[in-house]
Structure formats: C-alpha cells, structure tokens
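Engineer: I would like to see how this sequence folds:
(chains A and B)
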There are 2 protein chains.
Amino acid sequence: MRESRAIERLRRIAASPAALGLTDDVALLDGLVLTHDSIAEGVHFLATDPPASVGWKLVAVNLSDLAGKGAIPAAALLSLALSGDDDWDLHFIDGVDAACESYGLPLVGGDTIALPPGAPRIFGLTAIGRAGANVPLRSGGKDGDALWIVGVLGDAAAGLALLRDDAAATGPLVDVYRRPVPLLAAGLGLAPHAHAMMDVSDGLLLDASRMAQASGLGVRIDLDALPLSRAFVAEKGQDLGPRLFAATGGDDYALLAALGSDVDPLSLSLPRGTTIARVGTLVAGEPLLTLFSNGQPVPLPGQLGFEHSGHEHRRNPPSPMADRG
Amino acid sequence: MRESRAIERLRRIAASPAALGLTDDVALLDGLVLTHDSIAEGVHFLATDPPASVGWKLVAVNLSDLAGKGAIPAAALLSLALSGDDDWDLHFIDGVDAACESYGLPLVGGDTIALPPGAPRIFGLTAIGRAGANVPLRSGGKDGDALWIVGVLGDAAAGLALLRDDAAATGPLVDVYRRPVPLLAAGLGLAPHAHAMMDVSDGLLLDASRMAQASGLGVRIDLDALPLSRAFVAEKGQDLGPRLFAATGGDDYALLAALGSDVDPLSLSLPRGTTIARVGTLVAGEPLLTLFSNGQPVPLPGQLGFEHSGHEHRRNPPSPMADRG
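Structural biologist: Presented below is the predicted three-dimensional model:
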C-alpha cells in the first residue's frame, strides 16, 4: 500500500510528545486536548443530507473526540468552504451553531474560503478542550481490563443504509445518522477511572483493535453483548449478521473504555440513563482481535470497519491521523 | 451581497471574548494564539505549483498570522486531503516538514481524508502559538500612530504574474511566491511595542484599511515609501502603477505595525537585516483610506486587494474569518 508512505512520513515528522505518536485522535498541549476533523461531500456525508445536519455532524464528530478523552469543550475554529449556495451555507451554519450551543463549545475563529466551481463541499473543525486530571489514551489498556461501550452501535450505519435506498427515508435510525450525540458527560465521568478510552467511530472491531494494538494487547469481543437499540433490532434483527454489521458499520459516536476489572461502571457518576455494556476484555499474549458468540469463536469479517478502501461514502481512512476517533 | 449573510451569522455566533469579534485572524485562549487557514488548488495555489512549495506555503501562511501577533509557534494540526497521487502527497509533506522544522513548529496531529476523484486539492492547518505579554490586535491603533511595514511588498504577486505567463518561470520573485518567509522574529520584537499589528496578506491597502476600521480611525499611506525589492523594481519598475500593484497584490507575508510616533523601530530588537519602512499614519476623523504620492492625494484603485470577487486565483475573501491575515 503506497499510501502508507505518506502516513509513515507524517508519523516521523510528528515527533513531539504532544503528538502522542499520532496513535490517538488528539494531541495534548498545555493542559488542552486538540483535535481536528474534516468532512467532505461524497466521502463523509451525502450530497442530499440536509445542510444543518452536516454542520451539526462536523461539530459532533470533533466533540466526540473530546468526549473520548474526558475533556471539556473550550473553543473551536471552523474552516468553512463557501459553496456558492447561500441558503445551503446558512443552514449549515445553523447546524454548527446548534451543536456548539448544545454542548457549550464557543466558536472563536477559523477561516472561510470559496472553492472552485463544481468542487465537492468540504469543511473542517478544530476543537479544543480542557483536559481533566486523567487523559485516558488508547495506549493505556492493561491485561484483564474490561471493555465497556457507552451508547449503542449500528444505528447510524443502519440509517445511512436506509438513506442510500431512499433519500427521503426518515425515522430514528436516520435521525441518529444525521444528528449524532457526542457523549461528553459520560466521557467526563469515565475518564478519571479509565485506563484507556476513545470514541468508536470507524466500527467497534476496528477501533477496539486499535486500542489493543496501542496497548500491546489483544482484545476479545463478545458479539452477544453488543448494545443495540430497539430501532436497530426492529430494522435489522439481532442475529450474528446484524451484530457484525453493528460492530463494523462505523459513525457510532459511542465511547469505548478500558476499566480495571474491579471497577463497576454503574458506581461512577454517569448521566442518568446512560447505556453502558461490557463487550469484551483486553488480554495479553492473544491475537489482536478474537470474536465470540454463544461462547464460540467467530471468524473475523473481511472488513473490521471503515478502512481506506476506495472512494465510496465512508469514514476517514484508518491512518494515524485519519480515523476520526 | 448575499454572501455576507453567512459571515454576519458567524459573527453573531462567535460571541466568546476569545473570538475577538472575529476582527483579527486569530483567537486567544489560555495564553495561546490560535489560527486556522485553508488553501485550495485553483484558489490559493496553482495546480502547477510544486507540491513542496504548496506544503511550505500552507505552514507559512499560518505562521505569518502568529508572527502578526508576536506569538511563538507551539503546535500545528494538519488537515491533509490525500490526492491519490502518492508522489505529489509525499512532496507536499516534505514542504510541510521543511517549514515546520525551519520555524520550530511541532506537528502534533490533524486528520487525513481522501477526496472524491477529480476534486481540487485542499489543505488546512491550525497553528497554535504562545502569546507574549502583549498581543497587538488590529483594533489597538491610536491617533497619530506611525504605520511600519516589515519586509517588502509585491514580490509574490509579481512572481505569480510571471508564472501565469509562463508556468516554467523562475527567479527571485517566483521564489518568494513559492516559498514565503513568515517574519516570526520581527513580530516577536515588535509585539511588546506595537499598539496594533497584523500580517499583510491581502494587499497593504486592504489590510491597512482593516486595521484602521478596527481601530476606529483612518489611514494615510505614502505610496512613495513602499518597500520594494530590487527584483521587483527590475521587473515592474517603481512608478505609481507598480507601486499600486505592490500595495494591492497580496500574498506578501509582511508585517504591518502601528507604533507610537515616539518609537524608533531601529531601537527595537529586530533580527539583523530586517527591512522596515514607515508607510503611513493612523489618523482620527479622516476617511478610512487616503493615498499620497509626491505629497499629493492619489485616487483609490478600484480594488484594494484580494477582495472576494469570483473564482480566479486569489487570497481568501475579506470576511471576518476569511482574510488569511
């Protein structure tokens, strides 16, 4: 894969301790957590998506990275490519504003540019959060840690599938795809106790593998334990196939936390109503990823998540700076 | 102009003090200076520009914003859209690396995305600097302040003109266009003494007007005093026409500082060899911009700099978040 040359080169350049070896989705500087994610039409959102949902998502995708480190939103810089369609742009800004307001993220600057005619829309956001006393990195997982998921898996991917069949589709799964919720309060509650934490954005299997790899461990995932919403089960069912879909679909905005086996997450100060499920275990001396169902091993699917595999609609490619975490 | 609706909307959203009312190119947070600029093919650089020069320029354009506030580079997040051409991307990263290394800017994170086929290249960088004791904003200019330019004007615009005539053009003007030098050390030396400061990026006339407007003053510019390089004079001459070209061309990476009339900039600790020239005065109760040559008023040109006027190759549009400063 020639593309990895660019990524390898970036990793060599990013030698500062603040870069965390580019293994996390964030950098750390002076007690601040820094992250940047871009989204492009035809890659990270559909041309038919309502502009307000695109603006909301741009903010949410970055806030989810802050949530994954237990950081409190402090400031954002917006990189806005004007599309030439004023109404579209205004509705996009409405979505940015709504998300910023909902999660207390002050927009403090950025830039606007005009793109050449016909160029796909692209937007970027830098989000800055204040770090807590413990910033759980991907690399901090320990042998025997329990892996917990906050939130549910698969809803957004199922919503996207519905929209691909019918751009006019509606319903709770489409809502999750269009208006994801970054789990900031849960991240804040988990961070002091987590050995490792990240948001799940490119699929549980891919992201759990990344955490295991960064921690020098393997990970076992119990597919029967995946948290699925009622809407997901109603649409897709809950057999092994739908569970693998949910574990690889991506766009989840869930949190993945490695907690010592003695920690009861229900004893932590999480927001009322938080859905949290134990989905696996980090283990030393085992393969990077092992799946189970009904106590039996399950073969790995061909794709663990949104790997870089072409130009279809998908998440960012899984590079040090690529997965949107 | 309908586009200003989007910009007005952004200004209302960016109500945090850290945003500085979006009148500067930077935001201030916890003693850090934050800036983000994007550059797009066909808008901010030529498709024929060498990729290493595009990477260099992306870093330099952001460092110039830090220089304009007297900040010391601390960290950068790179938003890298992979072009599908690996060699191009690697050379681009070489340019980013060279500029980061030259100016002590640690690359600490960001993201990579793949664009849809045929999309123009676009890149973004968030640069973060540590603020000094005084951060000179655009709005701090005082009646009677002398306006000084560090660096020369017009070289990059002249270089771009040469390249438009002949993509194979070479020479010192092309070099300045391709490999601009952010004046960090000069900015650091001026900041403690400057009432207002910014980098000149969209043309002196436009940027000086912005400073005057933010300061609630008018500005007089003496076109005879513009600092021009020998290479510029050899290519363009130094009559009024070339002087107006230099004052409106943009892409200059010069610094514009408002100093009290009692301050002798030669007494400040500026790098050896720094070119500094007094080009004007901030004055109360006068029109926003008045030009002089040979002691006589000169009519304003139709365009003061790279205003937002279409989709030709140009700097960012002059909006609160648009001029790359």
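Engineer: And the helices in chain A?
Structural biologist: Here chain A has its helices, by DSSP state H, at A:3-13, A:51-67, A:86-102, A:155-165, A:172-178, A:184-190, A:204-215, A:230-236, A:240-248.
Engineer: Tell me which of those is the most buried.
Structural biologist: Among those, helix A:51-67 has the highest mean neighbour count (mean count of other CB atoms under 10 Å in any protein chain shown), at a mean of 27. For the C-beta atoms, the positions are set from N, CA and C on the backbone; glycine is no exception.
Engineer: what's that one packed up against?
Structural biologist: Using 3 or more CB pairs under 8 Å, 6 or more residues apart in numbering or on different chains; DSSP states H and E, the elements in contact with helix A:51-67 are strand A:32-40, strand A:72-82, helix A:86-102, strand A:122-130, helix A:172-178, helix A:184-190, strand A:194-200.
Engineer: Let's see that with 6 Å instead.
Structural biologist: The contact analysis (3 or more CB pairs under 6 Å, 6 or more residues apart in numbering or on different chains; DSSP states H and E) places helix A:51-67 against strand A:32-40, helix A:86-102, strand A:122-130.
Engineer: looking at the ones you listed, which is closest to residue A:60?
Structural biologist: Closest to residue A:60 of the helices and strands packed on helix A:51-67 is helix A:86-102 (CB to CB; 5.7 Å).
Engineer: Can you tell me what sits against the closest one?
Structural biologist: For helix A:86-102, contacts defined as CB atoms under 6 Å, 6 or more residues apart in numbering or on different chains pick out A:51-52, A:54-56, A:59-60, A:82-83, A:107, B:2, B:6, B:9, B:13.
Engineer: Could you identify the most distant pair in the residues you listed?
Structural biologist: Across those, no pair lies farther apart than A:60 and B:2, at 27.9 Å, counting by CB to CB.
Engineer: Next up, the contacts around the nearest residue in space to residue A:95 that is not next to it in sequence.
Structural biologist: Closest residue in space to residue A:95, ignoring its immediate chain neighbours: residue A:55 at 2.7 Å, by CB to CB, 6 or more residues apart in numbering or on different chains. Residues counted as contacts of residue A:55 (CB under 6 Å, 6+ apart) are A:92, A:95, A:96.
Engineer: Among the residues you listed, which one sits closest to chain B?
Structural biologist: Nearest to chain B among those is residue A:96, at 7.4 Å by CB to the nearest CB.
Engineer: among the helices of chain A, which is nearest residue B:191?
Structural biologist: Residue B:191 lies closest to helix A:3-13 among the helices of chain A, at 28.2 Å (CB to CB).
Engineer: That closest one packs against which elements?
Structural biologist: helix B:86-102.
Engineer: where does chain A dip in pLDDT?
Structural biologist: For chain A, the stretches flagged by pLDDT under 70 are A:1-4, A:307-325.
Engineer: Find the centremost residue of it, please.
Structural biologist: Taking CA atoms, centre = their mean, the centroid of chain A lies closest to residue A:201, which sits 2.7 Å from it.
Engineer: now that residue: how far from residue A:11?
Structural biologist: Noted for residue A:201: a distance of 20 Å to residue A:11, by CB to CB, to the nearest Å.
Engineer: Contact partners for residue A:304?
Structural biologist: Contacts of residue A:304 by CB under 6 Å, 6+ apart are A:205, A:206.
Engineer: From chain B, how far off is it?
Structural biologist: For residue A:304, the distance to chain B equals 18 Å [CB to the nearest CB, to the nearest Å].
Engineer: May I see the contacts of helix A:86-102 arranged in JSON lines, with distance to residue A:302 as well?
Structural biologist: Formatted as JSON lines, the contacts of helix A:86-102 follow (distance: CB to CB, whole Å):
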{"residue": "A:51", "distance to residue A:302": "35"}
{"residue": "A:52", "distance to residue A:302": "36"}
{"residue": "A:54", "distance to residue A:302": "30"}
{"residue": "A:55", "distance to residue A:302": "34"}
{"residue": "A:56", "distance to residue A:302": "32"}
{"residue": "A:59", "distance to residue A:302": "33"}
{"residue": "A:60", "distance to residue A:302": "29"}
{"residue": "A:82", "distance to residue A:302": "40"}
{"residue": "A:83", "distance to residue A:302": "36"}
{"residue": "A:107", "distance to residue A:302": "41"}
{"residue": "B:2", "distance to residue A:302": "48"}
{"residue": "B:6", "distance to residue A:302": "43"}
{"residue": "B:9", "distance to residue A:302": "45"}
{"residue": "B:13", "distance to residue A:302": "44"}
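Engineer: Residue A:31: which of those is nearest?
Structural biologist: Distance to residue A:31, by CB to CB, is smallest for residue A:107 among those, at 21.0 Å.
Engineer: Count the residues that sit near that closest one.
Structural biologist: Residue A:107: 26 surrounding residues under other CB atoms under 10 Å in any protein chain shown.
Engineer: Kindly report the same for the one 3 residues further on.
Structural biologist: Summarising burial for residue A:110: neighbours were counted as other CB under 10 Å, giving 30.
Engineer: re the thing from before, would you list the helices of chain A in JSON lines and tack on distance to residue A:269?
Structural biologist: Converted to JSON lines, these look like this (distance: least, CB to CB, whole Å):
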{"stretch": "helix A:3-13", "distance to residue A:269": "37"}
{"stretch": "helix A:51-67", "distance to residue A:269": "15"}
{"stretch": "helix A:86-102", "distance to residue A:269": "21"}
{"stretch": "helix A:155-165", "distance to residue A:269": "25"}
{"stretch": "helix A:172-178", "distance to residue A:269": "25"}
{"stretch": "helix A:184-190", "distance to residue A:269": "5"}
{"stretch": "helix A:204-215", "distance to residue A:269": "23"}
{"stretch": "helix A:230-236", "distance to residue A:269": "26"}
{"stretch": "helix A:240-248", "distance to residue A:269": "28"}
